[in-house]
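[1] Kindly return the folded structure for what I paste below:
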Amino acid sequence: MDFIDGLPKSHGYEVILVVVDRLSKYGHFIPLKHPYTAQSVAKVFMDVIVRLHGLPDNITSDRDAVFLSTFWQELFSLQGVQLNLSSAYHPQSDGQTEVLNRCLETYLRCFCAEDAKGWYDCLPMAEFWYNTCHHSAIELTPYEALYGRPPPLHLPYLPGESSSAEVDNTLINRELKLQLLRHHLIRAQLRMKQQADKHRSDRSFAVGDWVYFKVRPYRQVTISETPHHKLAAKYYGPFQIIRKVGPVAYTLLFPDSVKIHPTVHVSLLKKCYEVPSLVTYPPTTDLANPHCSDPEAILQRRMVKKGNKAVTQVLVKWKDLSADAATWEYSNILKTRFPSFDP
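    The predicted model follows:
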């Protein structure tokens, strides 16, 4: 399950909760309003999914704040539902929902190109179309996989069958839209599959192997940002593998100074054939650490996008460190940690 956010407001709704069954591929598209919480999402999940299908054996999701909340974890653990979270920086762990998100966005883009705020009215038809279309992975429709019988036939409308001109025009337009949507969605699915297959490679490691870890500083908030992140190192390490988590994820032995989730996807690892004498670590500045250096001066300011808001970042020069070691920090976090600092 996953969220599609950033949509224009339609009938008060701005978010779509996408839930897809791993076995039958049957999907549900549930509109949500901002702000949503773990409690409100859980209520919608119970009202729509559990009411129709019962509680699942396990739920795979990304590391959204809703899915990491204590309420969400405690609620489903008491119901005997296993919660699986995607590994850091690898949304493909929840790839089934991510792909369905793109298909749904393509559907809505084709249907609502002229009126983006009308996506809410198209959502029921989008769900019905997806569940009654042939799925290449299971070689039948999700509807048939779930209910054990073919979906009801869609009877095409022949122009002139209705005596009402308004009904006639409405049904003709619906037929034209359905044909166009079917063409766009099938083309988008094939294109996504071809692009994904180009970048896949088989690799595996054993417990005890040493590997280099690929990290993106501009996407990892626990790593200090540099003024020129495009020229920063891509790989750090090597680090030792201490555990294999499933077929495509590994747990690395990170020191306490590295504030990164230790379980990562295999695509972010590169084998180290000879362990060097010097191990490189991602540059971090832990503001919660009482031994962290005090800020000395603000060198620059900038506005960045965080979620749907614009926030201020400052380039901080730390005491006893050179200007080259200055890091970008969020202004509000810096003021909270160092209230007496007045630049």
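[2] contacts and neighbour counts: CA atoms only from here.
    Will do.
[3] Could you look up the SS state of Lys244?
    Secondary structure of Lys244, reduced to three states by DSSP: H, G, I helix; E, B strand; the rest coil: strand.
[4] On the pLDDT front, check it for me.
    Lys244 is assigned a pLDDT of 91 by the prediction.
[5] Return the distance of Leu83 relative to Gln73.
    Distance, Leu83 to Gln73, using Cα to Cα, to the nearest Å: 7 Å.
[6] With Asp2 instead?
    From Asp2 across to Gln73, the span is 16 Å (Cα to Cα).
[7] What ranges in the chain fall below the confidence cut-off?
    Scanning the chain for pLDDT under 70 picks out 88-95, 113-114, 154-157, 177, 180-181, 184-185, 216-232, 283-293, 308, 343.
[8] now for the lengthiest helix in it, which elements pack on it?
    Across the chain, the longest stretch assigned as helix under DSSP state H is helix 165-198. If contacts are counted by 3 or more Cα pairs under 8 Å, 6 or more residues apart in numbering; DSSP states H and E, helix 165-198 sits against helix 95-111.
[9] So Thr312 belongs to a helix, correct?
    No - under three-state DSSP, Thr312 sits outside any helix and is assigned strand.
[10] Could you point out the bridge partners of it in the sheet?
    Note on Thr312: beta-bridge partners by DSSP bridges are Met303.
[11] Likewise for the one 5 residues further on?
    In this structure, Lys317 bridges to Ala297 when assessed by DSSP bridges.
[12] just the strands in this structure please.
    Per DSSP state E, the chain carries strands over the ranges 2-4, 15-20, 27-32, 58-61, 82-85, 210-214, 235-245, 249-252, 263-265, 269-271, 295-306, 309-318, 327-330.
[13] As JSON lines, those strands with mean neighbour count would be great.
    Output for these, formatted as JSON lines (neighbours: other Cα atoms under 10 Å):
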{"stretch": "strand 2-4", "mean neighbour count": "20"}
{"stretch": "strand 15-20", "mean neighbour count": "21"}
{"stretch": "strand 27-32", "mean neighbour count": "20"}
{"stretch": "strand 58-61", "mean neighbour count": "19"}
{"stretch": "strand 82-85", "mean neighbour count": "16"}
{"stretch": "strand 210-214", "mean neighbour count": "21"}
{"stretch": "strand 235-245", "mean neighbour count": "19"}
{"stretch": "strand 249-252", "mean neighbour count": "22"}
{"stretch": "strand 263-265", "mean neighbour count": "21"}
{"stretch": "strand 269-271", "mean neighbour count": "19"}
{"stretch": "strand 295-306", "mean neighbour count": "14"}
{"stretch": "strand 309-318", "mean neighbour count": "17"}
{"stretch": "strand 327-330", "mean neighbour count": "20"}
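[14] what angle do the longest helix of the chain and helix 95-111 make?
    With axes from the mean of the first three to the mean of the last three Cα atoms, to 10 degrees as the basis, helix 165-198 and helix 95-111 are set at 140 degrees to each other.
[15] Tell me the gap between helix 165-198 and the middle of its chain.
    Remark: helix 165-198 is offset 25 Å from the chain centroid, using Cα atoms, centre = their mean, to the nearest Å.
[16] Mind listing what's buried along stretch 115-129?
    For stretch 115-129, the neighbour count (16 or more other Cα atoms under 10 Å) marks Ala116, Lys117, Gly118, Trp119, Tyr120, Leu123, Ala126, Glu127, Phe128 as buried.
[17] and for that stretch, what are the contacting residues?
    Stretch 115-129 has contacts (Cα atoms under 8 Å, 6 or more residues apart in numbering) with 8-11, 13, 27-29, 31, 104, 107-109, 111-112.
[18] For Met192, state which of those is nearest.
    Leu104 (13.1 Å; Cα to Cα).
[19] could you check the distance from that closest one over to Lys319?
    51 Å.
[20] quick one: which of these two has more around it?
    Leu104 (21 against 14; other Cα atoms under 10 Å).
[21] Okay, the spatially closest residue to that one that is not a sequence neighbour and Ser136: tell me how far apart.
    Nearest in space to Leu104, with sequence neighbours left out and distances taken as Cα to Cα, 6 or more residues apart in numbering, is Ala126 at 7.2 Å. From Ala126 across to Ser136, the span is 18 Å (Cα to Cα).
[22] for Gln79, same thing?
    Applying Cα to Cα to Gln79 and Ser136 gives a distance of 33 Å.
[23] what's the answer for Val207, then?
    Counting by Cα to Cα, the gap from Val207 to Ser136 is 36 Å.
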